[in-house]
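A.B. asks: predicted structure and sequence below. I'll ask about it afterward.
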Amino acid sequence: MTQVTVIDSIMGSGKTSWAIQHINGAPAQERFIYITPYLDEISRIKGAVTSRRFIEPNNRNHARKKMVSLKACIAAGDDIAATHSLFQTADDELIDLINGAGYTLILDEVMDVIEVANISREDIRILRDSGEIEIVDNRVVWIGEGYVEGRFNDIKYLAKAGNLFYHRGSFLIWTFPPAVFSAFDRVIVMTYLFDGQLQRYYYDLHGISFEYQSVRQQEDGRYTLAEYSRVSEGRADVLTLIDLYEGPMNDVGKVPNSFSSNWLNNSKPEVFAQIKRNLNNFLRNVCRASGEEILWTTKKDHRQKLSGKGYTKSFLHCNARATNEYADRWALAYVFNRYMHPFERAFFEDRNITVNQDLLAVSDLLQWVWRSRIRNGEDIKLYIPSSRMRSLLVAWSKYEI
């Protein structure tokens, strides 16, 4: 069976540095596929690895598709660096190419291994009634021969790949093919708080076993894998670097579900006006920060409603990970309350997989906050109007979650 190692270490502990060191010291016959969220991280890997040459897939081919390039690179036995978004489109042909080819997968941060398909219940009914799809053991099978191109292209592609499921008679869920992980000789996942991640629940669902390890830096500066230990993370020290706002601008978030997706979707214009005033007050008056010093986030759908003079362009989406681009920012506002999508939660819980909503929420919050200068051990100011998210941050620092 494929050996799966989850390197669960707090941000800044040296996971990527260990990976680069590991690749540089690996035997020449071992091949690597390094998957990361962002293109700039691909450049970092290509520049830091000196023992071999990493290839980045491109669309300079007859089909003008990076997946065609990725498959050609695997067939040629290249070492490859690519993005999550490309790797998520893996199909049976890619799995066949990887299988037995001697590759190690290094996955920098967890992937979106399940996703609710963008299709309404009525459109699902239309596809069934027109004979384009049928449901076999909750799996969506595309049987239509005449459908060439249209608004259901993505549904057709996912169904033909065998990765689309019909759930509770109302929605479709895409899942990353689990056979991809078993095709590798070894899989290394580098993240933090894996127990709260969708990929952890996905592994449980598909019976993919794994071992935990963490990263430690030795006295000589080199990195080594060590036994996983939560208590050595120095969480309380992290909290000392965060000047967490406590004051009247938090009153808008007293209700536990405030700033959740549903709460934001149903909030009246005057509520958004108040939140916007609070944002401007905190970032511009309390912090007296310039746009180049600010980071803020909320649910993407409501970004425009909350944007204001001096901080509009300082927005960073709330699921940001891995990027170092904002390591000089110190005035932060996290205007969101993270819950798992109810369809995703239902998908797992209906299969007897218990999910930890609080751990998922604090994990995403920490990943976002760590894009700032706190990653360099410097202090920051942080506004979190959601009472739930503030309490989760404090509970994390005390090892209560």
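C.D. replies: Here it is on my side, so go on.

A.B. asks: in this protein, what secondary structure element scores lowest on mean pLDDT?
C.D. replies: Ranked by mean pLDDT, DSSP states H and E, the weakest helix or strand in the chain is helix 153-160, scoring a mean of 83.

A.B. asks: now do the buried residues in that one.
C.D. replies: Neighbour-count burial for helix 153-160, with 16 or more other C-beta atoms under 10 Å as criterion, is recorded at 155, 156, 158, 159. (Each C-beta comes from the backbone N, C-alpha and C, glycine too.)

A.B. asks: do stretch 115-128 as well
C.D. replies: In stretch 115-128, counting by 16+ other C-beta under 10 Å, buried: 115, 117, 119, 124, 127.

A.B. asks: between the buried residues of helix 153-160, which sits nearest residue 341?
C.D. replies: Each of these was scored against residue 341 by C-beta to C-beta, and residue 158 proved nearest at 17.1 Å.

A.B. asks: against residue 119, how distant is the closest one?
C.D. replies: To residue 119, residue 158 is 10 Å away according to C-beta to C-beta, to the nearest Å.

A.B. asks: could you tell me how many residues sit around the closest residue to residue 24 other than its chain neighbours?
C.D. replies: Take residue 24 and drop its neighbours on the chain: the residue closest to it by C-beta to C-beta, 6 or more residues apart in numbering is residue 51, 4.5 Å away. Look at residue 51: counted by other C-beta atoms under 10 Å, it has 12 neighbours.

A.B. asks: which segments of the protein make up each domain?
C.D. replies: With domains defined by automatic domain parsing, the chain comprises 3-112+180-232, 115-175, 235-397.

A.B. asks: hang on, the earlier thing: so the residue nearest to residue 24 makes contact with residue 21?
C.D. replies: No. If you go by C-beta atoms under 8 Å, residue 51 and residue 21 don't touch, sitting 10.3 Å apart.

A.B. asks: worst average pLDDT in the domains of the chain?
C.D. replies: For the domains of the chain, mean pLDDT drops lowest on domain 115-175, to a mean of 86.

A.B. asks: please state the offset of that domain from the chain centre?
C.D. replies: A distance of 25 Å separates the centroid of the chain from that of domain 115-175, by C-alpha atoms, centre = their mean, to the nearest Å.

A.B. asks: just stretch 319-331 next, same as before
C.D. replies: When distances are taken as C-alpha atoms, centre = their mean, stretch 319-331 is centred 14 Å away from the chain's centroid.

A.B. asks: residues making contact with that stretch?
C.D. replies: The contact list for stretch 319-331 (C-beta atoms under 8 Å, 6 or more residues apart in numbering) reads 36-38, 40-41, 108-109, 282-283, 287, 289, 292-295, 297, 314, 316, 364, 367-368, 371-373, 375-376, 378-381.

A.B. asks: buried among those residues? Make that a ChimeraX selection.
C.D. replies: Only the buried entries of these go into this ChimeraX selection, using 16+ other C-beta under 10 Å:
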select :36,37,38,41,108,109,282,283,287,289,293,294,295,297,314,316,364,367,368,371,372,373,380,381
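
A.B. asks: restricted to helices, list the contacts of stretch 319-331.
C.D. replies: Residues of these located in helices (DSSP state H): 40, 41, 364, 367, 368.

A.B. asks: closest to residue 68 out of these?
C.D. replies: Nearest to residue 68 among the ones in helices among the contacts of stretch 319-331: residue 41, at 22.6 Å, using C-beta to C-beta.

A.B. asks: in JSON lines, list the buried residues of stretch 115-128 along with secondary structure and distance to residue 104.
C.D. replies: Compiled in JSON lines, the buried residues of stretch 115-128 are given as follows (DSSP: H, G, I helix; E, B strand; the rest coil; distance: C-beta to C-beta, whole Å):
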{"residue": "115", "secondary structure": "strand", "distance to residue 104": "26"}
{"residue": "117", "secondary structure": "coil", "distance to residue 104": "31"}
{"residue": "119", "secondary structure": "coil", "distance to residue 104": "36"}
{"residue": "124", "secondary structure": "helix", "distance to residue 104": "39"}
{"residue": "127", "secondary structure": "helix", "distance to residue 104": "40"}
